[in-house]
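> Build me a model from this:
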Amino acid sequence: MPNIGTLKTLTLREVFPHEERDFTPWLAANIHLLSEALGIEVEVDSTESRVGDYELDILGRVAETEDLVVIENQLEKTDHSHFGQLLAYAGGLNAKIVVWVAGEVRDEHRAAADWLNQNFAGRVGLYLVRPRALSINGSAPALDFVVEVAPSEFENELSDIVEQSEAPRHRMRLQFWRQYLAYLEVNGHGWAAGRSARRVNWLEFSNGRSGVETNVSMAKESRMRVELYFANDENKRQFDSLFARRSEIERQFAGETISWERLDHRKASRVAVYRQYDKERVMAEEPARAELFEWMTKQLLKFRAIAQEMA
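Numbering: from 1, shown residues only. All right, here's what the predicted structure looks like:
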């Protein structure tokens, strides 16, 4: 007989006691989970951004475009107040995509969202998303996202764009990350176990500390970036603390140029190293790929050690 656990559904409030302090930072740091549910790669620009008299929870963009994405969260049922704020944000920022994340969706708001999508098709897309918090046999909670309302015509238009112009790039990313995760497994890096390759241009690894990641990403100008990324460093305390140890840190990366990126216009900050690479050669030639993977892993291990030492 298979050993089947007991699945329990939790309220969002049980997992995230406070919306602004707990849920919004978590969602911003794990935006890839929402991106996968939407089928749209969203990059976070900022959190708690002021728009008029209100503060928008998350402001982002569709990856590698200038199309704005506004995301408003609430832990409870959808209500008229949040709906009004969401429309004000969308209008004030001329957003292309609007995402309303709520613990429960009222029928009247589902109907209103459908009406807006039908009447503003092609100009703006409104998504209503319900997170589900689940636990098995008392395990740590896990979240998935149920899309309650999506703009079908808008969604089809985005899918067409992906199929026509972005699919080759996405296939390359998926293959590259699969190969890299296999490399890590073969070389005994258990901390990378359980990761899944995705079509996005980055791969993140937890360090056991909320909001602090060691990431690898395909940066612009055919560069690979390995970074220590502080997702919620609004007052730049973590970055400044590390920068105070600049000489010590840079000695650990002998032969590399450290890029200290405080990102004062954003809530996040990063410390990174970069390396040029030939995408076609790396995908076609195993020795070139192995050399790049070795370099990426060497830098990741250094950043992981620094993250785990930080107070």
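> biggest strand in this structure, by residue count?
Among the elements of type strand in the chain, defined by DSSP state E, the one spanning the most residues is strand 125-136.
> can you pull the buried residues of it?
By neighbour count, with 16 or more other C-beta atoms under 10 Å as the criterion, the buried positions of strand 125-136 are Gly125, Leu126, Tyr127, Leu128, Val129, Arg130, Pro131, Ala133, Ser135. For every residue, glycine as well, the C-beta is placed using N, CA and C.
> just checking, next helix/strand downstream of the least confident helix or strand in the chain by mean pLDDT?
Ranked by mean pLDDT, DSSP states H and E, the helix or strand of the chain with the weakest confidence is helix 152-161, at a mean of 48. Using DSSP states H and E, the next helix or strand after helix 152-161 towards the C-terminus is helix 167-186.
> buried ones in that next one?
His170, Met172, Arg173, Phe176, Trp177, Gln179, Tyr180, Leu181, Tyr183, Leu184.
> residues touching the nearest residue to Arg209 once chain neighbours are set aside, list them.
Across the structure, with C-beta to C-beta, 6 or more residues apart in numbering as the measure, the residue nearest Arg209 apart from its sequence neighbours is Ala307 (6.5 Å). Contact partners of Ala307, counting by C-beta atoms under 8 Å, 6 or more residues apart in numbering, are Asn207, Arg209, Val212, Thr214, Leu228.
> Quick one, which of the residues you listed has the minimum pLDDT?
Model confidence across these bottoms out at Arg209, which has 72.
> That one and Pro287: what is the separation?
Counting by C-beta to C-beta, to the nearest Å, the separation of Arg209 from Pro287 is 36 Å.
> and what of Arg169?
24 Å.
> next one: Leu203
When Leu203 is compared with Pro287 (using C-beta to C-beta), they lie 22 Å apart.
> Ok, Gly208 next?
The value you get for Gly208 to Pro287, if C-beta to C-beta is used, is 34 Å.
> Equivalent analysis for Val124, please.
In this structure, Val124 and Pro287 are 48 Å apart, going by C-beta to C-beta.
> Of those two, give the one with the bigger neighbour count.
Val124 (19 against 9; other C-beta atoms under 10 Å).
> show me the contacts for the more buried one.
Ala90, Ala95, Lys96, Ile97, Val98, Leu116, Phe154.
> Neighbour-wise, which one of those leads?
Compared across those, Val98 has the highest neighbour count, 26 neighbours, by other C-beta under 10 Å.
> Wait, it touches Ala90, no?
Yes: using C-beta atoms under 8 Å, Val98 makes contact with Ala90 at a distance of 4.8 Å.
> export stretch 207-226 as PDB, just CAs?
Taking C-alpha atoms only, stretch 207-226 is exported to PDB below (Å, rounded to 0.1, in the frame of the first residue of the first chain):
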ATOM      1  CA  ASN A 207      20.800  30.300   1.100                       C
ATOM      2  CA  GLY A 208      18.400  29.500   4.000                       C
ATOM      3  CA  ARG A 209      17.800  33.200   4.600                       C
ATOM      4  CA  SER A 210      14.700  35.000   3.500                       C
ATOM      5  CA  GLY A 211      15.200  37.400   0.600                       C
ATOM      6  CA  VAL A 212      18.900  36.500   0.100                       C
ATOM      7  CA  GLU A 213      19.700  34.400  -3.000                       C
ATOM      8  CA  THR A 214      22.700  33.300  -5.000                       C
ATOM      9  CA  ASN A 215      21.600  33.500  -8.700                       C
ATOM     10  CA  VAL A 216      22.900  32.800 -12.100                       C
ATOM     11  CA  SER A 217      21.400  34.700 -15.000                       C
ATOM     12  CA  MET A 218      21.900  35.300 -18.600                       C
ATOM     13  CA  ALA A 219      22.600  39.100 -18.600                       C
ATOM     14  CA  LYS A 220      22.700  41.400 -21.600                       C
ATOM     15  CA  GLU A 221      25.500  41.500 -24.100                       C
ATOM     16  CA  SER A 222      26.100  37.800 -24.000                       C
ATOM     17  CA  ARG A 223      27.300  37.800 -20.400                       C
ATOM     18  CA  MET A 224      26.700  35.200 -17.700                       C
ATOM     19  CA  ARG A 225      26.200  36.800 -14.300                       C
ATOM     20  CA  VAL A 226      26.600  35.100 -10.900                       C
END
